[in-house]
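just the structure for this:
(one chain, ligands or ions: 1)
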Amino acid sequence: MIVLHNAFDDAYVFAADEVAAINRIGATSGCHTCGRRDPETRSGNWIGDLQPPTAVNHSGKPQRIFPHCLTCQRIQAGYVFELRRKNGFAGEGLPRPSAVVLVTGDRDTFEPPRAERGKVVFASTAGVSIGCRSGMDGTTCLRLLDADDRADADRPLFDGLIATPSRRLDVVTPDYRTLATRLVRETEIRLRIWCDHAVEPDQVDIAIG
Ligand SMILES: [Zn+2]
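Model prediction:
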């Protein structure tokens, strides 16, 4: 079993006065992408969205913070991953806890499935995108398990096959940092995922095989 978090030790954490300011703006103007008035987070906190996103801020432009809802933050994380994959750029700013964590058998071609409102696991045959806690409110603990590690009867939220053409499975963040890599024997493996919350989990178990 490997225990991971969707953030690195040096992750940027918003100060209390920044959280209060983002919440004030969110309450007045809603999500800056979709316009909804509900941040969709368990805490009720809006998510501070840095624009341009750190991971694609090539020229180090000054960044501004806007209120984002949970779904828009996750959708944007998928775009950021694709941009990072294509242009190979690593952001200079401190990483933040990721809106999603991606599990894929081919990180060099993976196109993350688009996040949907009110759900937590988004899947294609190339991999899955798993929603995490809002970066304003904490991190999500992910446990990477072998097939036998979780023998209880709880029905997984996701149970499906993922292509592993290079016989490896990577757990990566949208800014292309690798949390874990597992080598596998097959070119297709079974993945099961359990989350302790239907939308914004603290704990995610991922069983391989
Ligand atoms: Zn939104």
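
for the strand ranked longest in the chain, which helices and strands make contact with it?
Longest strand in the chain, counting residues (DSSP state E): strand 188-195. On a contact count with 3 or more CB pairs under 8 Å, 6 or more residues apart in numbering; DSSP states H and E, strand 188-195 meets strand 127-131, strand 158-163, strand 203-208. Heads up, the C-betas are built off the backbone N, CA and C, glycines and all.

would you turn those into a markdown table with distance to residue 30, mean pLDDT and mean neighbour count?
Shown next, in a markdown table, are the helices and strands packed on strand 188-195 (distance: least, CB to CB, whole Å; pLDDT from 0 to 100; neighbours: other CB atoms under 10 Å):
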| stretch | distance to residue 30 | mean pLDDT | mean neighbour count |
| --- | --- | --- | --- |
| strand 127-131 | 20 | 97 | 26 |
| strand 158-163 | 31 | 96 | 16 |
| strand 203-208 | 29 | 94 | 21 |
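
relative to the ion, which of those is closest?
Of all the helices and strands packed on strand 188-195, strand 127-131 sits nearest to the ion, with 13.9 Å by CB to the ion.

alpha carbons of whichever helix or strand comes after that closest one, as CSV, please.
Scanning forward in sequence from strand 127-131 by DSSP states H and E, the next helix or strand is strand 141-146. C-alpha atoms of strand 141-146 as CSV (Å, rounded to 0.1, in the frame of the first residue of the first chain):
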residue,chain,number,x,y,z
CYS,A,141,-5.4,11.2,1.1
LEU,A,142,-5.0,8.6,-1.7
ARG,A,143,-4.1,5.0,-0.9
LEU,A,144,-2.8,2.9,-3.8
LEU,A,145,-3.7,-0.7,-3.0
ASP,A,146,-3.1,-4.1,-4.4
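
would residue 102 count as being in a strand?
Yes - judged by DSSP: H, G, I helix; E, B strand; the rest coil, residue 102 forms part of a strand.

excluding chain neighbours, what is closest to residue 131?
Nearest non-adjacent residue to residue 131, counting by CB to CB, 6 or more residues apart in numbering: residue 120, 4.3 Å away.
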